[in-house]
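# Sequence first, then the predicted structure:
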Amino acid sequence: MAITLFVKNKKPILNRCSDDYFTKMRLRYAPFYHAIDAQKGTTIQLDGKEMIMLSSNDYLGLSFHPKVIEAGRAALMKWGTSTTGARPSNGSRRCHLELEQKMADFLGREACHIHAAGYLSCLSSVAAFAQKGDTILADKNVHSCLWDGIRLSNATVERFSHNNPDDLRDVIAAANPTSPKMLVIEGVYSMEGHIAKLPELCEIADEHSAFTVLDDAHGFGVLGRQGRGTVDHFNLNDSVDVICGSLSKSLASTGGFVAASREVIEYLRTHSKQTVFSAAISPSQAAIAQASLEVMQTEPQHLERLWANTRKYRAMLKGLGFDLWESETPAVPIVLGSKERVYPFWKALLEKGVFTVMATSPAVPTGKDLIRTAVSAMHSDEQIERIGVAMAYAAKKL
Ligand SMILES: Cc1ncc(COP(=O)(O)O)c(C=O)c1O
């Protein structure tokens with residue numbers, strides 16, 4: 001009795017944090033949260049060593065483009081560092097409206113709304129429109145932000161096999177016929193590099209009057225005319241209700257977008273908590289995205305170079321006999337199948353000056369543990385050759 005008076009029990013939630021197996025493993029093997037000391041394009045300095053960045057999503061390589069950097073600097077001087085407010089209250093600036101209009105025009109939509117993170121844009125593209133009583137049909141490999149949107153919506157969720165229209169057909173046929181439906185997919189799947197089978201998926205959605213939400217974080221800037229994305233690639237603009245995505249990949253900024261008809265965007269502005277109660281994207285980040293969007297339309301060489309690099313890189317990896325999970329895009333996974341194989345491979349690449357990211361189950365399906373790599377338009381021929389040498393070395397460590 002006397003002891004319990006003096007020894008205070010540790011709080012259960014603090015115990016959870018201190019005992020967590022995954023955190024302990026992460027700290028022990030330190031595969032994540034590396035702080036890069038310096039960067040110039042695809043060359044980085046890490047712990048005093050020069051390395052090639054091979055896991056960034058800077059597909060078009062615009063993060064060091066002089067016009068893009070200058071636009072960010074000028075906006076910083078004009079608007080200050082932050083709007084310190086949400087869009088409905090004190091956070092809206094002319095530069096936000098300009099970017100929204102340009103994004104909408106580029107995507108062939110009436111309207112667009114931008115958020116401070118792609119995560120918020122994609123989450124709200126589901127959570128704002130679906131509600132209890134609706135049925136969401138979701139590809140089982142969609143990004144975590146879409147799952148969070150699904151959970152917040154309180155709708156019933158039915159998963160279908162990854163990029164499998166036949167399975168979607170079966171799952172949708174078994175769903176409550178009177179419940180309003182929403183289809184949730186990605187344009188390009190970020191881990192797998194797969195392009196959505198959009199014509200077949202949209203046809204099924206259409207038969208069931210399903211509202212279609214497509215996260216094109218990895219298709220925007222990469223596919224379609226001038227990088228308009230997956231919907232444009234298939235010429236299916238009338239079949240997809242909402243295109244959402246990130247400004248932090250091809251647009252070399254930070255933030256996200258939701259593009260749709262005007263009434264859909266105005267509904268989002270009324271009902272989405274992430275839109276109403278979160279601070280606006282900073283003007284400098286909005287200006288950076290707008291400058292990148294202009295470069296995408298005036299300098300086609302970046303998209304051309306991206307695809308030339310992708311072909312070269314994929315051919316090199318195939319020549320080394322790697323399983324690339326049938327990636328069709330610059331997001332190229334190297335599937336190694338288990339944590340035990342992924343870790344030494346990743347370490348060997350690091351040793352040879354190539355920076356990549358591991359993705360292990362449950363982040364990827366069991367047996368698909370992989371090294372996630374992504375090519376940029378900024379990689380030089382010489383860098384791709386050096387990556388090839390490092391890959392061959394890492395393969396010997398398996
Ligand atoms: C498919 C997909 N959607 C949304 C996001 C979120 O974007 P952001 O990093 O801009 O928040 C990501 C980022 O990893 C993504 O890969």
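Arrived safely. Numbering: from 1, shown residues only.
# Quickly note the distance from the residue in the stretch 101-250 of the chain positioned nearest to the ligand to V335.
With CB to the nearest ligand atom as the measure, G118 is the residue of the stretch 101-250 of the chain nearest to the ligand, at 2.5 Å. (C-beta placed from N, C-alpha, C; glycine too.) Distance from G118 to V335, counting by CB to CB, to the nearest Å: 25 Å.
# Which of the two has more residues huddled nearby?
Just comparing G118 and V335: by other CB atoms under 10 Å the higher neighbour count belongs to G118, 25 against 21.
# excluding its backbone neighbours, what's nearest the more buried one?
Excluding the flanking residues, the one nearest G118 by CB to CB, 6 or more residues apart in numbering is S246, at 2.8 Å.
# need the contact list for the one you found.
Residues near S246 by CB atoms under 8 Å, 6 or more residues apart in numbering: 57, 117-118, 121-122, 217, 220, 255-257.
# D105 too?
By CB under 8 Å, 6+ apart, the contact list for D105 is empty.
# now A217
By CB under 8 Å, 6+ apart, the residues touching A217 are 118, 122, 143, 186, 188, 190, 244-246, 249.
# same thing but 10 Å
Going by CB atoms under 10 Å, 6 or more residues apart in numbering, A217 touches 57, 118-119, 121-122, 143, 145, 186-190, 229, 244-250, 256-257.
# Select from those residues every entry located in helices.
118-119, 121-122, 145 (DSSP state H).
# quick one: which of these is most hemmed in?
Sorting the ones in helices among the contacts of A217 by how many neighbours each has (other CB under 10 Å) puts C122 first, at 33 neighbours.
# Excluding chain neighbours, what is closest to the closest residue to the ligand within the stretch 251-398 of the chain?
Closest residue of the stretch 251-398 of the chain to the ligand, CB to the nearest ligand atom: G256 (5.2 Å). With sequence-adjacent residues excluded and distances taken as CB to CB, 6+ apart, G256 is closest to S121, at 2.9 Å.
# can you list the residues of the stretch 251-398 of the chain near the ligand?
The stretch 251-398 of the chain comes close to the ligand at residues G256, as judged by CB under 6 Å from any ligand atom.
# List the contacts of the closest residue to T84 other than its chain neighbours.
Nearest residue to T84 in three dimensions, chain neighbours excluded: A279, at 6.7 Å (CB to CB, 6+ apart). Going by CB under 10 Å, 6+ apart, A279 touches 82-87, 89-91, 115-116.
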